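Trainee: build me a model from this:
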Amino acid sequence: MSRKKNTHLFEDSLAELEQIISKMEQGDISLEESLESFERGVSLTRTCQKALQEAEQKVSILLTKNGQPTLEPFTDE
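Mentor: Okay, here's the model as predicted:
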């Protein structure tokens, strides 16, 4: 999956998750709708977690030189 698709997938999933949480917090939905929303929220959370883990792995790979982790100073260019 390309970086743009991953980014959009994460951002879209997070936005939908925020909408679900807001809707559930209002308390104006039935128990059945709440359960469906909760199930969708769990799925979205897993999608976000996977995207974050993949990003973390990529950063870790990029910061490893000669098999040793190295820290690079942050420069704001």
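
Trainee: switch to C-alpha atoms for all contacts and neighbour counts from now on
Mentor: Will do.

Trainee: and the helices in this protein?
Mentor: 3-26, 31-62 (DSSP state H).

Trainee: nearest to P73, of these?
Mentor: helix 31-62 (13.6 Å; CA to CA).

Trainee: could you dump the helices of the chain to a markdown table with distance to P73 and mean neighbour count?
Mentor: Supplementary listing: those in a markdown table, determined by distance: least, CA to CA, whole Å; neighbours: other CA atoms under 10 Å:
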| stretch | distance to P73 | mean neighbour count |
| --- | --- | --- |
| helix 3-26 | 24 | 14 |
| helix 31-62 | 14 | 14 |
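
Trainee: redo the ones you listed as CSV? Include distance to T70 and mean pLDDT.
Mentor: Below are the helices of the chain laid out as CSV (distance: least, CA to CA, whole Å; pLDDT from 0 to 100):
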stretch, distance to T70, mean pLDDT
helix 3-26, 24, 88
helix 31-62, 9, 92
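
Trainee: could you find the residue nearest the spatial middle of this structure?
Mentor: C48 (2.3 Å; CA atoms, centre = their mean).

Trainee: so what's that residue up against?
Mentor: The contact partners of C48, by CA atoms under 8 Å, 6 or more residues apart in numbering, come to F10, S13, L14.

Trainee: mind putting the residues you listed in JSON lines, distance to R40 included?
Mentor: Converted to JSON lines, the contacts of C48 look like this (distance: CA to CA, whole Å):
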{"residue": "F10", "distance to R40": "15"}
{"residue": "S13", "distance to R40": "10"}
{"residue": "L14", "distance to R40": "12"}
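
Trainee: nearest to V59 among the residues you listed?
Mentor: Out of the contacts of C48, the member with the shortest distance to V59 (by CA to CA) is F10, at 16.6 Å.

Trainee: what's the separation between the closest one and N66?
Mentor: Per CA to CA, to the nearest Å, F10 is found 31 Å from N66.

Trainee: the spatially closest residue to G41 that is not a sequence neighbour and K65, how far apart?
Mentor: Leaving aside its sequence neighbours, G41 sits nearest to L17 (CA to CA, 6 or more residues apart in numbering; 5.7 Å). Noted for L17: a distance of 37 Å to K65, by CA to CA.
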